[in-house]
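K.L.:
I would like the atomic coordinates for the input below:
(one chain, ligands or ions: 1)
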Amino acid sequence: MPELAPTLAVIGGGQLARMMAQPAIALGLPLRLLAEAPGVSAAQVIPDHRVGDHRDLATLREVTAGCPVVTFDHEHVPTEHLHALEADGIAVRPGPDALVHAQDKGVMRERLAALGVDCPRNAIVTGPADVEAFGLPCVLKTTRGGYDGKGVWFVEDTAGWAEACAEAFAVAEETGVRILAEERVDFRRELSALVVRAPSGQAAAYPVVASTQRDGICHEVVAPAPDLDPDLATHAQQVALRIAGELGVTGVLAVELFETTDGRVLVNELAMRPHNTGHWTQDGAVTSQFENHLRAVMDLPLGSPAPRARWTVMVNILGGPDPEVGRLWDGYPHAMARDPQLRVHLYGKEPRPGRKVGHVNAYGEDLEDCLERARHAAAWFRGDLGNESE
Ligand code: ADP
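P.N.:
Here you go, the predicted model:
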């Protein structure tokens, strides 16, 4: 049979790869997946998958054989392997020279400083004396390997600060990563500017959204960010487009930002893949971040990032403390009957405490109504109805 379309290789079997599968079906784009274990989220829905280690070059070569392009569900593939794949003639999107800025917060900070992009004051520190000289309170971060608040320490200006920072340096010692100190930003809220860029240079910017984090994990996203100064919103989009262009990003770039109490935006971090703060686009935008990521990495013209409704609210479904409560399937009858417009996305993951297992999107003309509907549905799925308005 003649090849109908090129096959896109995807490394990593989490929910982001799973959610790429849906637009890939619609686009007639075959995916081939490298999954970290049998039965993980994306392996359940992408039949053409292998199980293996993304840190092993031979495995990466096997999975990408015959694929013109490779993209990612996560940012953990070693840079030298990505260079090797490029040398084999495979288009790595995003490429290793861009991706390193999402992998290493130290490299990212240096580059953004060189570009003149506003960031929290920061410095690489090598011990408690450096931290004290940097100034307290501050935030310490491992330059590599952190996610969902892991690898982040808030060091307070109180007795006991040295112990708190000793923990960070112990992790650094153990894993060989560097420690970055950042000023503790007094922010009004966290924003995210999501853009997508194709190798041709075409780019599109989604509306800037507000995200609520708890313990370093994204809980809720409101699109667009309510009451955001239009000039600041445009500035944030321009910053994100500029970073995407300067770093040569292909695919989605999410720029996580702090909106400071004095009306500026500072870059917190970069992600070069579809991002939790873009899940609202699945139901709230003309073209979802997942479809636009596929279009971008395949160098196709991008779809419109325009919103479909005035407001879209995304609330994550996290596993609750009691594994017996909140069996996700049991949430459907109630959530669906209460709100026929609700959109539910479950990832096929066991609901362990604090683990992201799905999300809901509610869109409409009234923000309070969207918030209430999305929070209520997520609380129902979590199995803790009664606390939903917290
Ligand atoms: P991760 O890689 O785990 O996503 P982040 O760098 O995004 O780590 O930090 C996690 C959370 O910690 C952020 O969403 C924010 O709420 C808080 N945080 C991070 N850096 C700072 C800072 N410099 N000042 C204040 N809060 C911060």
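K.L.:
can you list the residues that contact stretch 114-124?
P.N.:
The contact list for stretch 114-124, computed with CB atoms under 8 Å, 6 or more residues apart in numbering, reads 106, 109, 112-113, 130, 134, 139, 143, 178-183, 185, 239, 242-243, 246, 258, 264-268. All C-beta spots, glycine's among them, are computed from the backbone N, C-alpha and C.
K.L.:
could you flag which of those are buried?
P.N.:
When neighbours are counted using 16 or more other CB atoms under 10 Å, those contain these buried positions: 106, 109, 112, 134, 139, 143, 178-183, 185, 239, 243, 258, 265-268.
K.L.:
from the residues you listed, which are also near the ligand?
P.N.:
Of the residues in the buried ones among the contacts of stretch 114-124, proximity to the ligand by CB under 6 Å from any ligand atom holds for 139, 182, 185, 268.
K.L.:
would you put the C-alpha positions of the helix or strand harbouring the last one in CSV?
P.N.:
What it means is N268. When elements are defined using DSSP states H and E, N268 is found to belong to strand 265-271. These are the backbone C-alpha positions of strand 265-271, laid out as CSV (Å, rounded to 0.1, in the frame of the first residue of the first chain):
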residue,chain,number,x,y,z
VAL,A,265,5.3,40.5,33.6
LEU,A,266,8.4,38.4,34.5
VAL,A,267,9.2,35.1,32.8
ASN,A,268,9.1,32.1,35.2
GLU,A,269,9.8,29.2,32.9
LEU,A,270,9.5,27.8,29.4
ALA,A,271,7.9,24.6,28.2
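K.L.:
Note down every partner strand of it and its orientation.
P.N.:
Here strand 265-271 is paired, per DSSP bridges, with strand 251-260 (antiparallel).
K.L.:
Would you mark the buried spots in the strand it pairs with?
P.N.:
Residues of strand 251-260 classed as buried under the neighbour-count rule (16+ other CB under 10 Å) are 251-260.
K.L.:
In TSV, list these along with pLDDT.
P.N.:
What follows is those, written out as TSV (pLDDT from 0 to 100):
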residue	pLDDT
G251	98
V252	98
L253	98
A254	98
V255	98
E256	98
L257	98
F258	98
E259	98
T260	97
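K.L.:
mind listing which of the buried ones among the contacts of stretch 114-124 are in helices?
P.N.:
In this view, these that belong to helices under DSSP state H are 106, 109, 112, 134, 239, 243.
K.L.:
Any idea what the residue nearest to the last one when sequence neighbours are not counted is bridged to?
P.N.:
Think I243. Counting by CB to CB, 6 or more residues apart in numbering, the nearest residue to I243 once its immediate chain neighbours are dropped is V255, at 6.2 Å. As for beta bridges, V255 partners with A193, L270 under DSSP bridges.
K.L.:
contacting residues for V255?
P.N.:
Contact partners of V255, counting by CB under 8 Å, 6+ apart, are 192-195, 236, 239-240, 243, 267, 270.
K.L.:
let's see it at 6 Å
P.N.:
In this structure, V255 makes contact with 193, 240, 267, 270, judged by CB atoms under 6 Å, 6 or more residues apart in numbering.
K.L.:
Which two of those have the greatest separation?
P.N.:
Pairwise distances across those peak at 10.4 Å for A193 and L270 (criterion: CB to CB).
K.L.:
Those two: who's more crowded?
P.N.:
Neighbour totals were compared for A193 and L270, and A193 leads with 28 against 25 (other CB atoms under 10 Å).
K.L.:
How about the contacts made by P199?
P.N.:
Taking CB under 6 Å, 6+ apart as the contact definition, P199 lies against 250, 299.
K.L.:
Leaving out the residues flanking it, which one is nearest to the most centrally placed residue in the chain?
P.N.:
Most central in the chain under CA atoms, centre = their mean is H275, positioned 2.8 Å from the mean C-alpha point. On the basis of CB to CB, 6+ apart, the spatially nearest residue to H275 that is not a chain neighbour turns out to be A254, at 3.5 Å.
K.L.:
and that neighbour, what does it touch?
P.N.:
Contacts of A254 by CB under 6 Å, 6+ apart are 192, 194, 271, 275, 277.
K.L.:
Next, find the distance separating the third one from S288.
P.N.:
According to CB to CB, to the nearest Å, A271 and S288 sit 16 Å apart.
K.L.:
Who has more neighbours out of those two?
P.N.:
For A271 and S288, the more surrounded residue by other CB under 10 Å is S288, and the numbers stand at 24 against 21.
K.L.:
Now do that one against A133, distance only.
P.N.:
With the distance defined as CB to CB, S288 ends up 46 Å from A133.
K.L.:
again with E36
P.N.:
As for E36, its distance to A133 is 41 Å (criterion: CB to CB).
K.L.:
So between these two, which is more surrounded?
P.N.:
A direct count of neighbours by other CB under 10 Å for E36 and A133 places E36 higher, at 18 against 10.
K.L.:
List the beta-bridge partners for the residue lying closest to A203 once chain neighbours are set aside.
P.N.:
The spatial neighbour of A203 that comes closest, neighbours along the chain excluded (CB to CB, 6+ apart), is R197 at 4.3 Å. Using DSSP bridges, the bridge partners assigned to R197 are A203, G251.
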